[in-house]
Each structure stands twice: as structure tokens, then as C-alpha cells.
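Peer 1: Using only what follows, build the 3D model:
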Amino acid sequence: MIQFLLNQTLKTLDNVDPNTTVLNWLRGSEQRCGSKEGCASGDCGACTVVLGQVDGEKMRYDSANSCITLVSQLDGKQLLTVEDLADGSKLHPVQQAMSDCHASQCGFCTPGFVMSGFALQKAHSPTDRHEIEKQLAGNLCRCTGYRPIIQAMQQSCGTRTDQFTRTEMQTVARLKSLQQSQVAELSKSNRCLLPKTVEQLASLYQQNPQARLLAGGTDLVLTITQQFQTLPLIIALNQVDELKTVSITDSQIRIGAMATLQACQEVLQPVIPAFSQMLDRFASPQIRNHATLAGNLANASPIGDGAPMLLALGAQLELRCGNELRTLPLDEFFLSYRKTALQPGEFITAVIIERAAVSPTFAAWKISKRMDDDISTVFGAFNLHFSAGKVQSARLAFGGMAAVPACAKRAENALTGLPLNSQSLAQACAALAEDFQPLSDFRGSGVYRLKLAQNLLRRLVLQHAETAYALEVQHYVN
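Peer 2: Modelled structure (predicted):
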């Protein structure tokens with residue numbers, strides 16, 4: 001049984017298939033058809049809803065793609081859809097602004113834009129155009145009505161109060177009352193277990209190593225919606241609060257396995273700004289609000305954006321199986337395509353970065369077809385330490401160049417002990433061709449990928465030598 005609030009209505013679900021998406025539950029069981037299915041993969045935003053949860057003594061509202069969110073992920077939260085926003089006969093300020101600015105044309109995408117705008121308003125985000133564009137990066141309008149949509153967001157985001165503000169303390173109290181310590185379960189023909197502690201999780205997973213772990217679900221749920229498979233047993237991690245923490249000390253950065261990309265982006269900005277900035281281009285706000293770094297690693301995709309940055313930083317993984325803990329360098333985690341060193345019943349508890357390993361010049365770049373909400377063709381991350389004007393140590397990591405994310409060992413050796421200049425660059429580029437022989441696919445040929453990776457090395461040298469020049473498009477184009 002799981003419990004959550006649908007706006008202010010308590011919902012208790014028991015005999016429901018845990019493979020059911022929130023979108024299908026809303027449209028099928030609740031006849032709430034405002035949320036639309038456009039892609040079933042979390043790309044278009046037509047299905048956007050907002051999930052509210054307690055953050056301290058206040059509510060935090062995060063946008064989510066209901067097409068790739070499973071009903072088990074609602075446990076202990078508040079679910080809001082476009083049908084909930086109006087206050088009686090009075091439209092919500094975001095809805096009113098969309099109408100006033102003529103920002104709805106065919107109307108298919110409108111509910112998703114409204115819900116993203118609602119989350120933007122509740123976060124008290126700045127109303128400048130660039131910030132709004134970032135927050136709407138996961139919503140597509142087929143009628144090319146972006147100008148009035150952005151105008152509507154600028155008009156409505158200044159509004160600070162609504163009926164949700166007035167009932168905030170009541171909602172916090174009700175959600176806190178739903179919290180429980182025992183393992184919850186959702187079942188029908190298939191089952192989902194919802195542990196509340198790391199100990200419960202470790203015990204359940206050791207007993208059921210065949211289960212699929214559900215973190216953010218932004219990749220796993222595609223197994224259901226795109227590949228039409230059924231997951232007979234799921235262990236959902238969204239109630240294990242111990243895994244959601246990010247701690248930074250003078251010597252170490254420790255990122256819990258359930259810390260969302262959005263949380264990582266905010267916390268890492270002061271300590272590894274380039275890492276934080278690259279997370280801005282990781283999918284969309286709806287995805288970053290729920291996806292995790294640990295999940296990105298466990299998926300073992302050769303084009304995952306998190307792995308190259310963490311490889312370049314020399315990250316380690318803390319792994320747990322039952323009561324046993326071990327630490328494994330990320331270099332040893334990826335064994336082959338989509339295969340990792342995780343043993344049956346073992347899971348990631350934390351990603352660990354030693355602060356001494358982080359260079360002040362750490363840089364990372366993503367090459368993709370679009371600036372926002374796209375998958376990498378090649379991703380490069382570069383962590384160089386210098387001494388007396390020469391490269392003392394180098395870690396150059398790439399995604400999209402092989403079956404697994406990997407460091408370019410020969411290119412690293414080619415740079416070590418030399419100044420970072422055109423001569424050492426030429427050696428490193430030649431060595432890179434020995435490190436990788438990338439395959440061709442629909443995102444790019446092997447020749448193209450190798451040239452991209454070599455050009456990223458050239459960009460690294462240029463940035464090091466010409467720091468006064470703007471090298472990012474968004475630095476000078478509005």
C-alpha cells in the first residue's frame with residue numbers, strides 16, 4: 001500500500017500494477033486528461049505534472065514527466081496536475097498569463113508548459129529570459145509559440161501567493177503524517193517494495209537480487225514505455241532519505257546515491273563549477289529533478305554525461321551488499337557495454353570525490369545536436385594539474401568514444417611532464433587516435449567522433465592560453 005495526496009485528496013493505492021505510469025493512472029483511473037502523452041520517453045513535456053514534497057518545514061515543488069514516473073514514486077508526496085491549479089472559477093496566474101499573452105495555439109503542449117511555469121513560479125526563480133528558457137527546456141511547442149509563452153512566464157512568475165501558499169502548512173502536516181518506518185509494498189500481478197532505510201534496502205536486495213532498483217527511473221522506465229517490457233519486481237529507493245544527502249568537507253565530496261542531479265548542481269556550483277554548469281545541459285529540468293548520478297553510472301551507458309566527469313575527477317564508488325561495504329575506483333566499474341562490476345544484490349550507496357583531486361582548471365564539454373535536452377555524441381572531461389608551467393598529471397575522460405566511458409591513457413601520458421602548448425597538443429591528438437577507435441551510429445561516424453574528441457583537446461589548450469576570450473556560445477549570444 002502507498003499513500004499520497006492528489007492535490008488535497010488522500011489517495012491509497014494497493015492493488016495496482018507497479019509498472020503503471022503516473023500518466024496512465026491519471027488518464028485511466030482518474031479521468032484527468034489534461035496531461036498528454038507525446039513521446040512516452042520524457043522528451044517533449046506534454047505530460048508534465050508537479051510533485052510536491054516536504055523540504056524542512058516547507059513544500060518544494062518539482063516538475064516531472066508523468067509518462068516516465070511510476071505510481072510507486074508518488075508515495076508520501078503531493079501530485080498536482082493542470083486540473084488542480086484554478087482557484088474555483090479563477091484561473092491560476094500562470095494559466096491566466098498564458099491566456100492573456102495568447103500563448104496557447106493548438107493547446108496540446110499547453111498543460112505541460114503551465115505546469116513547468118507553476119514549478120518555476122513556486123521556486124521563485126528569476127524572470128529573465130535565459131532562466132525561463134532553461135526551465136522550459138523540457139517542453140516542446142510544435143506551433144512555434146515560444147515568444148508568447150516566455151512572455152507569459154515573465155508576467156506570471158512575479159506572483160508569489162496562490163491557494164497552495166495559503167494551504168502550505170496544512171499540506172506539510174498531512175504529508176508528514178503519511179511517513180512510516182516499515183517497508184511499503186505495491187502489488188498486483190507484479191510487485192514493488194519501498195524500503196525506508198539503507199538497512200532495509202540492503203536486506204531486501206540481498207534476498208531479491210533479481211529485482212530492478214528504481215531511483216529516478218528516467219532511464220529504467222523506458223524499458224516499460226518504449227520496449228514494452230514488464231518488470232515483475234521493483235525495489236523503489238525514493239523513500240531512503242539517507243541516500244539523498246550530499247556532504248562536502250575540506251577533504252572530500254560525498255554524493256548519496258539518491259541525490260538528484262538538481263541537488264548536485266546546486267551543491268557543486270561553489271566547489272566544481274564546470275561540473276555544475278554541465279549538469280545544466282543534462283536532459284531537462286523534469287529529468288534533473290529526479291534522475292541521480294548513481295543511477296546514471298549504474299545504467300552504464302557509453303554516452304552518459306556523468307561518467308566522463310567523474311572519471312576525470314578520479315571518483316570512487318561506495319558499494320554495499322547486505323552488511324558488507326567496499327570502495328571501488330570508478331575506473332574499474334565499467335567492464336563492457338552496459339555491464340558493471342556490481343555483484344548480485346550489490347548497489348551504489350555513494351559517489352566519492354577527493355577534493356585534492358579537483359583541479360581549478362577542470363573543464364567539461366558536451367557535443368550534441370541541440371544545446372538543451374539532448375544526448376551526447378561525444379562528451380569530454382579534462383582534469384589537469386600543473387607544476388612549474390608543466391602538466392604534472394592529466395586525466396582525460398570521454399563518453400561516446402567506446403563501449404564504455406573511459407580515460408584516454410595514451411593521450412594523458414603524452415601531455416604529462418610537458419607544457420600545454422601546440423607541440424604537446426599534437427602529440428596528445430595523435431595518441432588519442434590510439435586510445436579510441438569509435439564506432440559509427442546515427443549520431444555520428446567514428447571519424448567524426450575522433451575529430452570531435454581531438455578538437456576538444458584543442459579547445460582545452462585554447463582555454464588555458466586565452467582565458468580572456470569567450471569560448472561558450474551562451475557567453476555572448478542572448
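Peer 1: OK, contacts around the closest residue to Met258 other than its chain neighbours?
Peer 2: Nearest non-adjacent residue to Met258, counting by C-beta to C-beta, 6 or more residues apart in numbering: Leu243, 3.8 Å away. From N, CA and C alone the C-beta is placed, and that goes for glycine too. Each residue near Leu243 by C-beta atoms under 8 Å, 6 or more residues apart in numbering is listed here: Val198, Leu237, Gly256, Ala257, Met258, Ala259, Thr349, Ala350.
Peer 1: Now do His130, the pLDDT please.
Peer 2: Looking at His130, its pLDDT is 88.
Peer 1: Repeat that for the one 5 residues further on.
Peer 2: Gln135 is assigned a pLDDT of 91 by the prediction.
Peer 1: Which residue is the nearest non-sequential neighbour of it?
Peer 2: Closest to Gln135 by C-beta to C-beta, 6+ apart is Leu120, at 4.7 Å.
Peer 1: before we move on, what about Ala283?
Peer 2: In space, and not counting its chain neighbours, Ala283 is closest to Asp373: 5.9 Å by C-beta to C-beta, 6+ apart.
Peer 1: ok now do that neighbour, which residues does it touch?
Peer 2: Taking C-beta under 8 Å, 6+ apart, we find Asp373 in contact with Asp43, Ala137, Gly138, Ala283, Ser284.
Peer 1: at 6 Å instead, please
Peer 2: Shown in contact with Asp373 (C-beta atoms under 6 Å, 6 or more residues apart in numbering): Ala137, Gly138, Ala283, Ser284.
Peer 1: got a list of what the second one touches?
Peer 2: Under the criterion of C-beta under 6 Å, 6+ apart, the neighbours of Gly138 are Gly45, Ser284, Pro285, Gln286, Asp373.
Peer 1: rerun that using 8 Å as the cut-off
Peer 2: Per C-beta under 8 Å, 6+ apart, neighbours of Gly138: 42-43, 45, 48, 63, 65, 116, 283-287, 373.
Peer 1: ok, now how distant is it from Cys39?
Peer 2: 11 Å (C-beta to C-beta, to the nearest Å).
Peer 1: With the first one instead?
Peer 2: Distance from Ala137 to Cys39, counting by C-beta to C-beta: 15 Å.
Peer 1: on that earlier part again, turn the contacts of Gly138 into JSON lines, columns for distance to Val358, pLDDT and secondary structure.
Peer 2: Below are these laid out as JSON lines (distance: C-beta to C-beta, whole Å; pLDDT from 0 to 100; DSSP: H, G, I helix; E, B strand; the rest coil):
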{"residue": "Gly42", "distance to Val358": "31", "pLDDT": "95", "secondary structure": "coil"}
{"residue": "Asp43", "distance to Val358": "33", "pLDDT": "94", "secondary structure": "coil"}
{"residue": "Gly45", "distance to Val358": "34", "pLDDT": "97", "secondary structure": "coil"}
{"residue": "Thr48", "distance to Val358": "35", "pLDDT": "98", "secondary structure": "strand"}
{"residue": "Ser63", "distance to Val358": "31", "pLDDT": "98", "secondary structure": "strand"}
{"residue": "Asn65", "distance to Val358": "32", "pLDDT": "98", "secondary structure": "strand"}
{"residue": "Ser116", "distance to Val358": "33", "pLDDT": "97", "secondary structure": "helix"}
{"residue": "Ala283", "distance to Val358": "24", "pLDDT": "93", "secondary structure": "coil"}
{"residue": "Ser284", "distance to Val358": "27", "pLDDT": "95", "secondary structure": "coil"}
{"residue": "Pro285", "distance to Val358": "26", "pLDDT": "95", "secondary structure": "helix"}
{"residue": "Gln286", "distance to Val358": "29", "pLDDT": "97", "secondary structure": "helix"}
{"residue": "Ile287", "distance to Val358": "25", "pLDDT": "97", "secondary structure": "helix"}
{"residue": "Asp373", "distance to Val358": "28", "pLDDT": "87", "secondary structure": "coil"}
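Peer 1: Just give me the closest of those residues to Ala381.
Peer 2: Within the contacts of Gly138, distances to Ala381 taken as C-beta to C-beta reach their minimum at Ala283, with 17.5 Å.
Peer 1: Could you tell me how many residues sit around that closest one?
Peer 2: Summarising burial for Ala283: neighbours were counted as other C-beta atoms under 10 Å, giving 21.
Peer 1: Pretty sure it sits against Gly42.
Peer 2: Yes: counting by C-beta atoms under 8 Å, Gly42 is a contact partner of Ala283 at 7.4 Å.
Peer 1: Quick check: neighbours shared by these two?
Peer 2: Gly138, Thr218.
Peer 1: where's the host helix or strand of Thr165 relative to the chain centroid, distance-wise?
Peer 2: Taking DSSP states H and E as the criterion, Thr165 maps to helix 163-166. Centroid displacement of helix 163-166 relative to its chain, using C-alpha atoms, centre = their mean, to the nearest Å, is 28 Å.
Peer 1: How about residues contacting it?
Peer 2: So helix 163-166 is contacted by Gly52, Met59, Tyr61, Leu80, Asp87, Lys122, Thr171 (C-beta under 8 Å, 6+ apart).
Peer 1: Tabulate those residues in JSON lines, adding columns for pLDDT and neighbour count.
Peer 2: Below are the contacts of helix 163-166 laid out as JSON lines (pLDDT from 0 to 100; neighbours: other C-beta atoms under 10 Å):
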{"residue": "Gly52", "pLDDT": "98", "neighbour count": "23"}
{"residue": "Met59", "pLDDT": "97", "neighbour count": "19"}
{"residue": "Tyr61", "pLDDT": "97", "neighbour count": "20"}
{"residue": "Leu80", "pLDDT": "98", "neighbour count": "23"}
{"residue": "Asp87", "pLDDT": "94", "neighbour count": "13"}
{"residue": "Lys122", "pLDDT": "92", "neighbour count": "23"}
{"residue": "Thr171", "pLDDT": "97", "neighbour count": "19"}
